[in-house]
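Participant: using only what follows, build the 3D model:
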Amino acid sequence: MKAVAAQNPRVKDPVYHIVLAWQPSESPTDQEMFEAGQHALAAVGMVDHQYVFAVHRDTQHVHLHMAVNRVNPDTFAAIYPERDYFKLDRAMRELELKYGWNHSNGPFAVFERNGQTVIDWASKDPNTKGKRPTRAADMERHADQESLFSYARGEPRKALLAALKNDKLTWRQLHNLLAKFGLELREKGQGFAIYDLNSSDTTPIKASDMHEALGKSRLEKRLGPFEASTSTTDAILTYDKQRPLKRDPRVREERRQARADARRDLRARYEEYKKGFVYRRLDPADVRARFAAIRADARQRRLEVRQTVSDLAARQALYSVIAFETLRARDRLQREIRKERQALRDDQSNRRQSYREWVERQAAAGDTAAISQLRGFAYSEKRLAKELERALANDGADGIIHPDDADPAARDIAEGVYYRVRRDGTVVYRLDDGRDAFVDLGRRIDVLAKGEADTAAIAAALQLAGEKYGGTFELTGSEEFKRRAIDVMLEYKIDVRLKDAAQEALRRARAAEIARASRDAKARQQRRK
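Facilitator: Predicted structure coming up:
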């Protein structure tokens, strides 16, 4: 492995290390663990690379150490897998399904949807896509009519999702929103149900079937004791059971999975393109030969002068001319080589395409998966733009704000805090353990890591804000966060001034308390002496 790694001297960290661990209740065989290791290698595109697997059974969790040579033994190209954390996590879900192991938490999770077992992003909360009640399913399957369940989980649910993001939502607002779609939330038995306002004959559905946040205990905890609807809002859309069902959810799920598989295959093809791409460079041997030709010509000319010119002074003069012309020829060749290398760098066909560029080219050639991926890019950009807009408008989040516009900053701000720039320009700062610490939105910095052990992360956010905003800003969010942020400022000696008068007064008061406590401690120490 060392000999292979040495073939690519630019690689300073040739060993790629992975640890696969099983839950305490599981004891896979060595063969199963080796097969899992091979599957993990395939997931990150390193199946052809040299590796060493080591099984460890000396801890509560049986685990497999994998040491992989980044340098390919055939091409000597180095592989640094992109998004390997996510690729490996998905591979783990696949292995858990294959061998019947317990599912572990991660970015991907396993769901049952419309009779199919699927692996999808856990953060999208896919398993809230509730199963249709039997009567609703029969109605749609046999009568080709849309059920109240499917109607409520269509446009009304989309509007509800937006409303639930409002921290100041009230019973009145919720009832008005449902009324716009011809629906009403009422008490039924020990819970809530969704009723069709236009027909008392329509069988109501459980409120939690529309969205789990409408469960009675959760909703009353958020909005207070139930208040019946008194809404007079006109409906913009109503339920009509005669409306044909738009799409079969099973077919829709199958198509969605087919698109996801096609996009994974597209990404795998791009990885193959990357591995196989070879930059065109000037041949070093050819460059050396061109310089050697100049030296050889100079030697031949000197030899001819030595053999034909007997006068010493004339011979020395001709030697000087040869040396000067040789130097000029070398300089001219160096300029030519620089131009040729620059031309290669400027040649777009000699530049490895980014994933997006490569997808655009494939889509232009009619690749269906690439066209689908371009639509996914566009959707993702719109979603990120909306998220950014909502985040900038959310002055109630724990964080820091400045009245003037400012661009997000990507800086190495503290030890153990790393940044990642998203496509919309937002800069996400993360901790060593992979958690998001804070997000720089420009004129706002939202602090996400607020645990007892996250003081350094809060300090890093305050330090960044002080540098960006000229040492003056305002704290937002809960009073608890504001007090803690002020204490962190003083503990880390971050020299800032808070624009809010009450916050600045609290900061000065806390600074005075700390200074007084320090003086008292010093006085007690002096008395002991």
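
Participant: what comes up buried for the helix or strand harbouring Arg335?
Facilitator: Using DSSP states H and E, Arg335 falls within helix 312-346. Neighbour-count burial for helix 312-346, counted by 16 or more other CB atoms under 10 Å, picks out Leu318, Tyr319, Ile322, Thr326, Ala329. In this view, the C-beta of every residue, glycine as well, is placed from N, C-alpha and C.

Participant: quick check: what element follows that helix along the chain?
Facilitator: helix 355-364.

Participant: which helices and strands does that following helix pack with?
Facilitator: Packing partners of helix 355-364 (3 or more CB pairs under 8 Å, 6 or more residues apart in numbering; DSSP states H and E): helix 249-276, helix 368-393.

Participant: next one: it to chain centre, how far?
Facilitator: Relative to its chain's centre, helix 355-364 lies at 21 Å (CA atoms, centre = their mean, to the nearest Å).

Participant: also stretch 463-481?
Facilitator: How far stretch 463-481 lies from its chain's middle: 25 Å, per CA atoms, centre = their mean.

Participant: ends of that stretch, how far apart?
Facilitator: Stretch 463-481 has an end-to-end distance of 16 Å (CA to CA, to the nearest Å).

Participant: again with stretch 62-79
Facilitator: Stretch 62-79: ends 28 Å apart by CA to CA.

Participant: buried stuff in stretch 292-307?
Facilitator: Buried residues in stretch 292-307 (16+ other CB under 10 Å): Ile294, Ala298, Arg301, Arg302, Val305.

Participant: any idea which residue sits dead centre in this protein?
Facilitator: Arg422 (7.5 Å; CA atoms, centre = their mean).

Participant: was I right about that one contacting Tyr429?
Facilitator: No. Using CB atoms under 8 Å, Arg422 makes no contact with Tyr429, being 11.6 Å away.

Participant: show me how this protein divides into domains.
Facilitator: 2-108, 145-244, 284-350, 394-528 (automatic domain parsing).

Participant: quick one: the ones you listed as a markdown table, columns for distance to Lys382 too.
Facilitator: Converted to a markdown table, the domains of the chain look like this (distance: least, CB to CB, whole Å):
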| stretch | distance to Lys382 |
| --- | --- |
| domain 2-108 | 22 |
| domain 145-244 | 14 |
| domain 284-350 | 29 |
| domain 394-528 | 10 |
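
Participant: need these in JSON lines with mean pLDDT, can you?
Facilitator: Putting those into JSON lines (pLDDT from 0 to 100) gives the following:
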{"stretch": "domain 2-108", "mean pLDDT": "90"}
{"stretch": "domain 145-244", "mean pLDDT": "86"}
{"stretch": "domain 284-350", "mean pLDDT": "93"}
{"stretch": "domain 394-528", "mean pLDDT": "88"}
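
Participant: wait, which of the ones you listed is closest to Glu357?
Facilitator: Closest to Glu357 of these is domain 284-350 (CB to CB; 9.7 Å).

Participant: between the domains of the chain, which gets nearest to Arg375?
Facilitator: Going by CB to CB, the one of the domains of the chain nearest Arg375 is domain 394-528, 15.4 Å.

Participant: Asp74 touches Gln7, doesn't it?
Facilitator: No. Under the criterion of CB under 8 Å, Asp74 makes no contact with Gln7, lying 10.5 Å away.

Participant: compare those two (neighbour count), which wins?
Facilitator: Gln7 (13 against 8; other CB atoms under 10 Å).

Participant: hmm, the more buried one is touching Asn69, no?
Facilitator: No. Applying CB under 8 Å as the test, Gln7 and Asn69 come out as separate, 10.6 Å apart.
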